[in-house]
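Trainee: how does the following fold in three dimensions:
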Amino acid sequence: MSVVPMTVFGARRWLGATVPGPSEDVLPEDVSVLDVGRGAGVVVVSVVLAVVVRVVLVRVIDRGDADRHTGLLVGRFLSVVVVVVGAIYALDLAGVRVGPLLGALGIGGIALAFAAQDILRNFVAGILLQVRRPFRLGEEIGSGDYEGVVQDINLRTVVLVTYDGLTVYLPNADVLSEPIVNYTRTPLNRTEITVGVAYDTDLERAREAMLAACRVADGVVRDPGPQAWVTTFGESSVDVVVRYWHAADIASRWRVRNAVAIAVKRELDDQGMTIPFPQRTLWFGPGGTRLQIAKPDPADGAS
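Mentor: Below you'll find the predicted structure:
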């Protein structure tokens, strides 16, 4: 077995192996200042071109729409591609043999591709969200377990500000795969509350009282009007579902729900109708079982 010199990335090593011949240096020794200057010039031009591509795509695709980010997302991606291509070309102009360099980085590139697949998946999902546009910046949406206002859509995440004051970063792919509820696109939403009345209550009178209360509650729209339907004979009450329409935003949902609940309770009180609390009927079966309730003993401190 002969010992031959082998040059890898400009550094000579002596390996005890038989090889067909020495490989070429990636960094040649005859690099001139002019070559380095031309490479640097190409890098500067590629950076400027990347900025121009990004600006042009934003103006052409987004067309001045502040809520549309398709051009911005595509421009960011293509600007990175332009800079990378320009850097490779600059290295070639500077005399660096990029072929062996890229070959040496091949395995690392495969590993990097596997590591970056989540980033690429979110990037593609971000593009699809911008093309389909199920929501815009400033709109109120629900996705998964989160509800809030859309603050931004970037290459990887949808930035959502919840009503608890939290900033949540939702991956684009997760948002695209989950059901999306847009509370802003439709002008009206319907909400319902369940009200229980006692079994001896006149149910028609109770329904009319609840409907009257809804009509005067702040935030309830007149058309479509409210509805009240008897739904369940519960353990302690007859349950009536009250349905009403209001503005679509989430703040209005809670505000109007509060107004309806207060108005219904006040109207039922005025009508002398009771909203019962849970009750139990005790039955001891046939026989001589007796239930005796004793008076409290003052010695025990009971009043």
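
Trainee: hey, where'd the strands end up in this structure?
Mentor: Secondary structure of the chain (DSSP state E): strands located at 4-8, 11-15, 140-143, 146-153, 157-162, 167-171, 180-182, 188-197, 227-233, 238-247.

Trainee: contacting residues around the third one?
Mentor: Which is strand 140-143. By C-beta atoms under 8 Å, 6 or more residues apart in numbering, the surrounding residues in contact with strand 140-143 are 134-135, 147-150, 158, 160, 170, 174-175, 178-184, 248-250. (Glycine included, C-beta is placed from N, CA and C.)

Trainee: residues of it that come out buried?
Mentor: Within strand 140-143, the residues scored as buried using 16 or more other C-beta atoms under 10 Å are E140, I141, G142, S143.

Trainee: now these as JSON lines including distance to R243 and pLDDT?
Mentor: Listed next are these as JSON lines, based on distance: C-beta to C-beta, whole Å; pLDDT from 0 to 100:
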{"residue": "E140", "distance to R243": "21", "pLDDT": "91"}
{"residue": "I141", "distance to R243": "23", "pLDDT": "92"}
{"residue": "G142", "distance to R243": "20", "pLDDT": "91"}
{"residue": "S143", "distance to R243": "25", "pLDDT": "91"}
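
Trainee: closest one to A212 out of these, please.
Mentor: Nearest to A212 among the buried residues of strand 140-143 is E140, at 30.8 Å by C-beta to C-beta.

Trainee: look up how far R156 lies from the closest residue to the closest one other than its chain neighbours.
Mentor: If the residues on either side of it in the chain are set aside, E140 comes closest to Y183, at 4.3 Å by C-beta to C-beta, 6 or more residues apart in numbering. For Y183, the distance to R156 equals 24 Å [C-beta to C-beta, to the nearest Å].

Trainee: thought P276 was touching D200?
Mentor: No: using C-beta atoms under 8 Å, P276 makes no contact with D200, being 9.9 Å away.

Trainee: V195: neighbour count?
Mentor: V195 has 22 neighbours, counted by other C-beta atoms under 10 Å.

Trainee: pull the contacting residues for A198.
Mentor: Contacts of A198 (C-beta under 8 Å, 6+ apart): S237, V238, M273, T274, I275, P276.

Trainee: am I right that the third one is in contact with V197?
Mentor: Yes: between M273 and V197 a contact is recorded at 5.8 Å, counting by C-beta under 8 Å.

Trainee: what do these two both touch?
Mentor: Common neighbours of M273 and V197, using C-beta under 8 Å, 6+ apart, are A206.

Trainee: ok so, going back, and the contacts of A198, which are buried?
Mentor: Applying 16+ other C-beta under 10 Å to the contacts of A198 flags S237, V238, M273, P276 as buried.

Trainee: quick one: which of those is nearest A217?
Mentor: Using C-beta to C-beta, M273 comes nearest to A217 of the buried ones among the contacts of A198, at 17.4 Å.

Trainee: do you know the pLDDT at the closest one?
Mentor: Reading off the confidence values, M273 has pLDDT 92.

Trainee: what's the closest non-adjacent residue to it?
Mentor: In space, M273 is closest to T201, 5.3 Å off (C-beta to C-beta, 6+ apart).

Trainee: please report how far the one you found lies from R253.
Mentor: 28 Å.

Trainee: now V47
Mentor: 49 Å.

Trainee: just T231 next, same as before
Mentor: T231 is 21 Å from R253, where distance means C-beta to C-beta.

Trainee: so between the two, which is more surrounded?
Mentor: Neighbour count, other C-beta under 10 Å: between T231 and R253, R253 has more, with 17 against 12.

Trainee: and stretch 55-73, what's its mean pLDDT?
Mentor: Averaging pLDDT along stretch 55-73 yields 68.

Trainee: from here on, call the first residue 24.
Mentor: Yes, from this point I'll number from 24; that puts the last item at stretch 78-96.

Trainee: reformat the buried residues of strand 163-166 as TSV; add distance to I316.
Mentor: As requested, the buried residues of strand 163-166 are exported to TSV (distance: C-beta to C-beta, whole Å):
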residue	distance to I316
E163	56
I164	57
G165	52
S166	56
